[in-house]
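S.K.: Quick one, structure for this:
(chains A and B)
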Amino acid sequence: SQELEQSPQSLIVQEGKNLTINCTSSKTLYGLYWYKQKYGEGLIFLMMLQKGGEEKSHEKITAKLDEKKQQSSLHITASQPSHAGIYLCGADRALSSGGSNYKLTFGKGTLLTVNP
Amino acid sequence: DTEVTQTPKHLVMGMTNKKSLKCEQHMGHRAMYWYKQKAKKPPELMFVYSYEKLSINESVPSRFSPECPNSSLLNLHLHALQPEDSALYLCASSQVGRRQGFSEAFFGQGTRLTVV
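M.R.: So this is what the prediction gives:
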């Protein structure tokens, strides 16, 4: 099965510092998604990556997908308390070999704390 | 409008009760999902509806009964639940492309369910 490994599991940074969260798959990723979740709330879509080498940015958050499409990173520049939360990477996983049905599965998440 | 609305936000029910969770979106998405999330765990897929038809059931117990009455609404009917069913239930929607995946999913805020 295609499992997503996220690292680190948790991260505490001082406001203003940069940070990176990684998401690794043992198999090629066909669609890689980054979401943010506040505890007990819904998931907020951040970015979707599909092509090897793709990079997208939104405000101070940049996500990259490596050329082999097996690893993605999420980088936050000059972190703020508003960045705190749980970051989840998700990937489309085929339900059967050669099938056309996919489902979105998630890594275990990275808990980010930003201290003022 | 990228909003998925879930009601109620909180629900406490006894093991003999019957209740329903509701989800609504007006983005024209024809794929809708139910996820279950336990504390400190990633969301886990329960059901997928594609064009108002159930396309994926992840071996969910029959005490959970999904329903998609039209392209904007998704319900989850609950009956004879167990305390271990207490969790955050998330609804999501996405476009249906060439394949089920490869389209970002938008999530609602969830219903916090407690079974007593």
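S.K.: Low-confidence stretches in chain B?
M.R.: B:1-2, B:97-102 (pLDDT under 70).
S.K.: Alongside chain A, which residues does it contribute?
M.R.: B:2, B:4, B:6, B:33, B:41-43, B:45, B:48, B:55-56, B:58, B:88, B:90, B:92, B:99-110, B:112 (CB under 8 Å from any CB of the partner chain). (Glycine included, C-beta is placed from N, CA and C.)
S.K.: what about 7 Å?
M.R.: Applying CB under 7 Å from any CB of the partner chain, one finds that chain B approaches chain A through B:42-43, B:45, B:48, B:55-56, B:88, B:90, B:99-102, B:104-110, B:112.
S.K.: And the spatially most central residue of chain B, how far from residue A:42?
M.R.: In chain B, the centroid-proximal residue (CA atoms, centre = their mean) is residue B:34; its distance is 2.6 Å. Residue B:34 is 13 Å from residue A:42, where distance means CB to CB, to the nearest Å.
S.K.: that older thread, so in terms of bridging, what pairs with the residue nearest to the centre of chain B?
M.R.: Counting by DSSP bridges, residue B:34 forms beta bridges with residue B:47, residue B:91.
S.K.: Who are the contact partners of it?
M.R.: B:46-47, B:66, B:76, B:89, B:91 (CB atoms under 7 Å, 6 or more residues apart in numbering or on different chains).
S.K.: can we see that at 10 Å?
M.R.: B:21, B:23, B:43, B:45-49, B:58, B:60, B:64, B:66, B:74-76, B:89-92 (CB atoms under 10 Å, 6 or more residues apart in numbering or on different chains).
S.K.: out of these, which are buried?
M.R.: B:21, B:23, B:43, B:45-49, B:60, B:64, B:66, B:74-76, B:89-92 (16 or more other CB atoms under 10 Å in any protein chain shown).
S.K.: quick one: least confident helix or strand in chain A?
M.R.: Least confident helix or strand, chain A: strand A:102-106 with a mean of 82, by mean pLDDT, DSSP states H and E.
S.K.: Within the sheet, what are the partner strands of it, with directions?
M.R.: Here, using DSSP bridges, strand A:102-106 pairs with strand A:85-94 (antiparallel).
S.K.: distance between the strand it pairs with and the chain's centre?
M.R.: Centre-to-centre, strand A:85-94 and its host chain are 6 Å apart (CA atoms, centre = their mean, to the nearest Å).
S.K.: Check stretch A:67-86 too.
M.R.: 7 Å.
S.K.: which parts of that stretch are buried?
M.R.: Under 16+ other CB under 10 Å, the buried positions of stretch A:67-86 are A:69-76, A:79, A:83-86.
S.K.: what's the span of it from first residue to last?
M.R.: For stretch A:67-86, the first-to-last residue distance is 26 Å (CA to CA, to the nearest Å).
S.K.: Please apply the same query to stretch B:86-106.
M.R.: Stretch B:86-106 end-to-end distance (CA to CA) = 23 Å.
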